[in-house]
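**Student:** Okay, here's the prediction I keep looking at, along with the sequence it came from:
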Amino acid sequence: MLSYLESGTGTPVVLVHGNFACKEWWRELLQDPPEGAWLLAPDLPGFGESPVPEDFFPSIPAYAKALTDFLREKEVEEAILVGHSLGGAVVMEAADEKTRGLVLINSAPPSGLKTPEAYYPILESYQYNREALAQALAAMAPTRRPPWFPELVEKAQRMHPAHFQGNARALAAWRLERAYPGPVLVIHGAMDPLVTRALAEETAAFFPRGRLLLLENIGHSVNLENPGLLKGILEDFLKEVHGEIQGGR
(Lines give C-alpha, C1' and ligand atoms only; values in the text may rest on other atoms or scores of the structure.)
Protein backbone atom coordinates (compact mmCIF):
# COMPACT_ATOMS: atom_id res chain seq x y z
CA MET A 1 0.00 0.00 0.00
CA LEU A 2 1.29 3.42 -0.93
CA SER A 3 1.47 6.14 1.69
CA TYR A 4 -0.97 8.93 0.85
CA LEU A 5 -2.75 12.08 1.95
CA GLU A 6 -6.39 12.90 1.26
CA SER A 7 -8.90 15.70 1.66
CA GLY A 8 -12.26 16.88 0.35
CA THR A 9 -15.34 14.97 -0.75
CA GLY A 10 -16.87 14.14 -4.10
CA THR A 11 -15.34 12.88 -7.33
CA PRO A 12 -12.02 11.10 -6.70
CA VAL A 13 -9.05 13.06 -8.06
CA VAL A 14 -5.69 11.33 -7.67
CA LEU A 15 -2.61 13.56 -7.60
CA VAL A 16 0.66 11.96 -8.74
CA HIS A 17 3.92 13.76 -8.02
CA GLY A 18 7.03 14.00 -10.16
CA ASN A 19 10.68 13.03 -9.81
CA PHE A 20 12.51 14.23 -6.67
CA ALA A 21 9.05 14.91 -5.20
CA CYS A 22 6.40 13.37 -2.96
CA LYS A 23 2.80 13.80 -1.83
CA GLU A 24 3.66 16.98 0.10
CA TRP A 25 4.09 18.84 -3.21
CA TRP A 26 0.26 18.96 -3.18
CA ARG A 27 -0.01 20.13 0.45
CA GLU A 28 -1.58 23.54 -0.18
CA LEU A 29 -4.08 22.13 -2.68
CA LEU A 30 -5.01 19.48 -0.11
CA GLN A 31 -5.52 22.19 2.50
CA ASP A 32 -7.99 23.97 0.20
CA PRO A 33 -9.37 21.32 -2.17
CA PRO A 34 -11.43 22.07 -5.28
CA GLU A 35 -15.18 22.05 -4.72
CA GLY A 36 -16.62 18.60 -5.34
CA ALA A 37 -13.26 16.79 -5.34
CA TRP A 38 -12.00 14.01 -3.10
CA LEU A 39 -8.24 14.43 -3.41
CA LEU A 40 -5.87 11.52 -2.88
CA ALA A 41 -2.13 12.12 -3.16
CA PRO A 42 0.05 8.98 -2.95
CA ASP A 43 3.81 8.63 -2.69
CA LEU A 44 5.05 6.46 -5.54
CA PRO A 45 7.34 3.56 -4.52
CA GLY A 46 10.66 4.80 -3.16
CA PHE A 47 9.43 8.37 -2.69
CA GLY A 48 8.33 9.99 0.56
CA GLU A 49 7.01 7.33 2.90
CA SER A 50 6.24 4.58 0.37
CA PRO A 51 8.65 1.64 0.51
CA VAL A 52 10.20 0.03 -2.54
CA PRO A 53 9.04 -3.55 -3.15
CA GLU A 54 11.67 -6.26 -3.38
CA ASP A 55 13.34 -6.37 -6.80
CA PHE A 56 11.71 -3.04 -7.82
CA PHE A 57 13.41 -1.29 -10.71
CA PRO A 58 12.39 2.25 -11.73
CA SER A 59 10.27 2.26 -14.87
CA ILE A 60 7.13 4.08 -15.94
CA PRO A 61 5.16 0.80 -16.29
CA ALA A 62 6.24 -0.24 -12.78
CA TYR A 63 5.08 3.07 -11.31
CA ALA A 64 1.84 2.83 -13.29
CA LYS A 65 1.17 -0.63 -11.89
CA ALA A 66 1.74 0.66 -8.34
CA LEU A 67 -0.74 3.45 -9.08
CA THR A 68 -3.39 1.15 -10.54
CA ASP A 69 -3.02 -1.16 -7.53
CA PHE A 70 -3.56 1.86 -5.29
CA LEU A 71 -6.67 2.88 -7.25
CA ARG A 72 -8.05 -0.63 -6.90
CA GLU A 73 -7.30 -0.81 -3.17
CA LYS A 74 -8.99 2.55 -2.55
CA GLU A 75 -11.88 1.67 -4.91
CA VAL A 76 -11.33 4.81 -6.99
CA GLU A 77 -10.64 3.28 -10.39
CA GLU A 78 -13.04 5.82 -11.95
CA ALA A 79 -10.89 8.74 -10.83
CA ILE A 80 -9.57 11.79 -12.60
CA LEU A 81 -5.78 11.35 -12.70
CA VAL A 82 -3.54 14.39 -12.28
CA GLY A 83 0.16 13.94 -13.01
CA HIS A 84 3.01 16.41 -12.55
CA SER A 85 6.24 15.99 -14.54
CA LEU A 86 7.27 12.30 -14.27
CA GLY A 87 3.85 11.74 -12.68
CA GLY A 88 2.30 12.79 -15.98
CA ALA A 89 3.96 9.85 -17.71
CA VAL A 90 2.75 7.57 -14.91
CA VAL A 91 -0.91 8.60 -15.22
CA MET A 92 -0.80 8.42 -19.02
CA GLU A 93 0.49 4.86 -18.74
CA ALA A 94 -2.07 3.96 -16.06
CA ALA A 95 -5.17 5.45 -17.74
CA ASP A 96 -7.78 2.99 -18.96
CA GLU A 97 -11.47 2.87 -19.90
CA LYS A 98 -12.53 3.59 -16.30
CA THR A 99 -10.47 6.77 -16.02
CA ARG A 100 -12.67 9.88 -16.08
CA GLY A 101 -10.04 12.30 -17.31
CA LEU A 102 -6.37 13.26 -17.31
CA VAL A 103 -4.72 16.49 -16.20
CA LEU A 104 -1.04 16.66 -17.16
CA ILE A 105 1.02 19.40 -15.47
CA ASN A 106 4.31 20.18 -17.24
CA SER A 107 4.43 16.49 -18.01
CA ALA A 108 6.97 14.42 -19.82
CA PRO A 109 5.58 13.90 -23.35
CA PRO A 110 4.28 10.56 -24.68
CA SER A 111 7.52 10.18 -26.66
CA GLY A 112 9.54 10.12 -23.43
CA LEU A 113 12.01 12.65 -22.08
CA LYS A 114 15.70 12.20 -22.80
CA THR A 115 18.32 13.48 -20.35
CA PRO A 116 21.80 14.12 -21.82
CA GLU A 117 24.29 11.54 -20.57
CA ALA A 118 26.49 14.24 -19.06
CA TYR A 119 23.73 15.10 -16.56
CA TYR A 120 23.52 11.66 -14.94
CA PRO A 121 26.52 12.16 -12.61
CA ILE A 122 24.91 15.42 -11.49
CA LEU A 123 21.66 13.63 -10.71
CA GLU A 124 23.60 11.03 -8.72
CA SER A 125 25.43 13.75 -6.77
CA TYR A 126 22.16 15.07 -5.35
CA GLN A 127 22.21 12.16 -2.90
CA TYR A 128 25.06 13.90 -1.08
CA ASN A 129 24.92 17.56 -2.12
CA ARG A 130 21.81 19.08 -0.55
CA GLU A 131 22.65 22.63 -1.62
CA ALA A 132 22.85 21.62 -5.27
CA LEU A 133 19.61 19.64 -4.96
CA ALA A 134 17.87 22.63 -3.37
CA GLN A 135 19.00 24.86 -6.24
CA ALA A 136 17.77 22.34 -8.82
CA LEU A 137 14.35 22.03 -7.16
CA ALA A 138 14.08 25.80 -6.75
CA ALA A 139 14.53 26.14 -10.51
CA MET A 140 11.43 23.95 -10.92
CA ALA A 141 9.34 26.53 -8.99
CA PRO A 142 10.86 29.85 -10.08
CA THR A 143 8.01 32.19 -9.17
CA ARG A 144 7.20 31.00 -5.65
CA ARG A 145 8.16 28.33 -3.14
CA PRO A 146 6.26 27.60 0.09
CA PRO A 147 7.85 28.30 3.50
CA TRP A 148 8.28 24.57 4.04
CA PHE A 149 10.30 24.13 0.83
CA PRO A 150 13.37 22.88 2.83
CA GLU A 151 11.23 19.91 3.91
CA LEU A 152 10.67 19.03 0.26
CA VAL A 153 14.41 19.13 -0.36
CA GLU A 154 15.02 16.84 2.60
CA LYS A 155 12.43 14.33 1.38
CA ALA A 156 13.87 14.47 -2.13
CA GLN A 157 17.30 13.57 -0.82
CA ARG A 158 15.79 10.56 0.97
CA MET A 159 14.51 9.06 -2.28
CA HIS A 160 15.51 5.47 -2.92
CA PRO A 161 19.12 5.46 -4.19
CA ALA A 162 18.13 3.77 -7.45
CA HIS A 163 15.86 6.71 -8.29
CA PHE A 164 18.52 9.39 -8.65
CA GLN A 165 19.58 8.20 -12.09
CA GLY A 166 16.97 5.51 -12.61
CA ASN A 167 13.96 7.80 -12.99
CA ALA A 168 15.60 9.86 -15.73
CA ARG A 169 16.59 6.66 -17.54
CA ALA A 170 13.03 5.38 -17.12
CA LEU A 171 11.65 8.48 -18.83
CA ALA A 172 14.21 8.23 -21.62
CA ALA A 173 13.26 4.60 -22.29
CA TRP A 174 9.49 5.05 -22.10
CA ARG A 175 7.04 5.53 -24.97
CA LEU A 176 3.26 5.67 -24.60
CA GLU A 177 1.74 3.06 -26.89
CA ARG A 178 -1.93 3.98 -26.69
CA ALA A 179 -3.79 7.27 -26.49
CA TYR A 180 -6.39 7.61 -23.75
CA PRO A 181 -9.63 8.62 -25.56
CA GLY A 182 -11.24 10.74 -22.84
CA PRO A 183 -10.74 14.41 -21.92
CA VAL A 184 -7.11 15.42 -21.44
CA LEU A 185 -6.01 18.83 -20.18
CA VAL A 186 -2.32 19.63 -20.68
CA ILE A 187 -1.15 22.48 -18.42
CA HIS A 188 2.11 24.19 -19.34
CA GLY A 189 3.91 26.83 -17.31
CA ALA A 190 5.67 29.04 -19.85
CA MET A 191 8.66 29.64 -17.55
CA ASP A 192 9.45 25.92 -17.29
CA PRO A 193 13.20 25.31 -17.83
CA LEU A 194 12.70 21.55 -18.31
CA VAL A 195 9.63 20.88 -20.46
CA THR A 196 9.31 23.14 -23.49
CA ARG A 197 6.11 24.50 -25.00
CA ALA A 198 6.78 22.36 -28.08
CA LEU A 199 6.75 19.24 -25.91
CA ALA A 200 3.52 20.38 -24.25
CA GLU A 201 1.96 20.91 -27.68
CA GLU A 202 3.14 17.44 -28.69
CA THR A 203 1.46 15.97 -25.62
CA ALA A 204 -1.87 17.71 -26.27
CA ALA A 205 -1.82 16.69 -29.95
CA PHE A 206 -1.21 13.03 -29.09
CA PHE A 207 -4.66 12.61 -27.53
CA PRO A 208 -7.90 12.73 -29.55
CA ARG A 209 -9.42 15.06 -26.96
CA GLY A 210 -6.30 16.76 -25.69
CA ARG A 211 -6.12 20.52 -25.21
CA LEU A 212 -3.38 22.83 -24.02
CA LEU A 213 -3.65 25.47 -21.30
CA LEU A 214 -0.73 27.91 -21.18
CA LEU A 215 0.14 29.66 -17.91
CA GLU A 216 2.36 32.60 -18.74
CA ASN A 217 3.78 33.46 -15.31
CA ILE A 218 4.33 29.93 -13.99
CA GLY A 219 7.32 27.62 -14.17
CA HIS A 220 7.42 23.84 -13.93
CA SER A 221 5.31 23.48 -10.77
CA VAL A 222 1.98 25.30 -10.56
CA ASN A 223 1.14 23.04 -7.59
CA LEU A 224 3.82 24.90 -5.60
CA GLU A 225 3.82 28.25 -7.37
CA ASN A 226 0.09 29.00 -7.46
CA PRO A 227 -2.07 26.31 -5.84
CA GLY A 228 -5.10 28.62 -5.88
CA LEU A 229 -4.87 28.87 -9.66
CA LEU A 230 -4.59 25.09 -9.92
CA LYS A 231 -7.65 24.71 -7.68
CA GLY A 232 -9.73 26.80 -10.09
CA ILE A 233 -8.46 24.90 -13.12
CA LEU A 234 -9.38 21.58 -11.53
CA GLU A 235 -12.83 22.85 -10.58
CA ASP A 236 -13.47 23.79 -14.21
CA PHE A 237 -12.22 20.40 -15.40
CA LEU A 238 -14.49 18.64 -12.89
CA LYS A 239 -17.48 20.55 -14.27
CA GLU A 240 -16.48 19.49 -17.80
CA VAL A 241 -16.25 15.83 -16.79
CA HIS A 242 -19.54 15.94 -14.87
CA GLY A 243 -21.27 17.57 -17.84
CA GLU A 244 -20.17 14.70 -20.07
CA ILE A 245 -21.41 12.10 -17.61
CA GLN A 246 -24.80 13.80 -17.31
CA GLY A 247 -24.95 14.15 -21.08
CA GLY A 248 -24.34 10.43 -21.52
CA ARG A 249 -21.08 10.83 -23.42
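**Tutor:** Nice, I can see it. Residues are numbered from 1 along each chain as shown.

**Student:** Every contact and neighbour count from this point should use C-alpha atoms.
**Tutor:** Fine.

**Student:** Give me the buried positions along the longest helix along the chain.
**Tutor:** Counting by DSSP state H, the longest helix found in the chain is helix 227-246. Within helix 227-246, the residues scored as buried using 16 or more other CA atoms under 10 Å are 227, 228, 230, 231, 233, 234, 235, 237, 238, 241.

**Student:** of these, closest to residue 142?
**Tutor:** In terms of CA to CA, no member of those lies closer to residue 142 than residue 227, at 14.1 Å.

**Student:** hmm, back to that, closest one of the buried residues of helix 227-246 to residue 33?
**Tutor:** Using CA to CA, the buried residues of helix 227-246 come closest to residue 33 at residue 231, 6.7 Å.

**Student:** For the closest residue to that closest one other than its chain neighbours, what is the enclosing helix or strand?
**Tutor:** Leaving aside its sequence neighbours, residue 231 sits nearest to residue 34 (CA to CA, 6 or more residues apart in numbering; 5.2 Å). Under the criterion DSSP states H and E, no helix or strand holds residue 34.

**Student:** And for the one 4 residues further on?
**Tutor:** Take DSSP H and E as the rule and residue 38 turns out to sit in strand 37-42.

**Student:** what's downstream of that strand, the next helix or strand?
**Tutor:** From strand 37-42, the next helix or strand downstream (DSSP H and E) is helix 60-73.

**Student:** Any idea how far the helix or strand of the chain with the lowest mean pLDDT is from the middle of the chain?
**Tutor:** Ranking every helix and strand in the chain by mean pLDDT, DSSP states H and E puts helix 227-246 at the bottom, with a mean of 90. Chain-centre distance of helix 227-246: 17 Å, with CA atoms, centre = their mean, to the nearest Å.

**Student:** ditto for stretch 198-214
**Tutor:** 16 Å.

**Student:** Do you have the helices of this structure handy? List them.
**Tutor:** 27-31, 60-73, 86-94, 120-125, 130-139, 149-157, 163-173, 197-206, 222-225, 227-246.

**Student:** okay if I get those helices as CSV plus distance to residue 107?
**Tutor:** Formatted as CSV, these follow (distance: least, CA to CA, whole Å):
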stretch, distance to residue 107
helix 27-31, 18
helix 60-73, 13
helix 86-94, 5
helix 120-125, 19
helix 130-139, 16
helix 149-157, 19
helix 163-173, 11
helix 197-206, 7
helix 222-225, 12
helix 227-246, 15
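
**Student:** Name the stretch among the ones you listed that sits most buried.
**Tutor:** helix 86-94 (a mean of 27; mean count of other CA atoms under 10 Å).

**Student:** From the contact counts, what lies against that one?
**Tutor:** strand 11-16, helix 60-73, strand 80-84, strand 101-105 (3 or more CA pairs under 8 Å, 6 or more residues apart in numbering; DSSP states H and E).

**Student:** closest to residue 159 out of these?
**Tutor:** Nearest to residue 159 among those is helix 60-73; the distance by CA to CA comes to 14.4 Å.

**Student:** Next one: residue 198 relative to residue 188, how far apart?
**Tutor:** Remark: distance between residue 198 and residue 188 (CA to CA, to the nearest Å) = 10 Å.

**Student:** likewise residue 241?
**Tutor:** Per CA to CA, residue 241 is found 20 Å from residue 188.

**Student:** ok so, going back, now do the strand holding residue 38 and strand 80-84, the angle between them.
**Tutor:** 50 degrees (axes from the mean of the first three to the mean of the last three CA atoms, to 10 degrees).

**Student:** Residues contacting strand 37-42, please?
**Tutor:** Outside strand 37-42, the residues that touch it by CA atoms under 8 Å, 6 or more residues apart in numbering are 2-17, 22-23, 26, 30, 33, 238.
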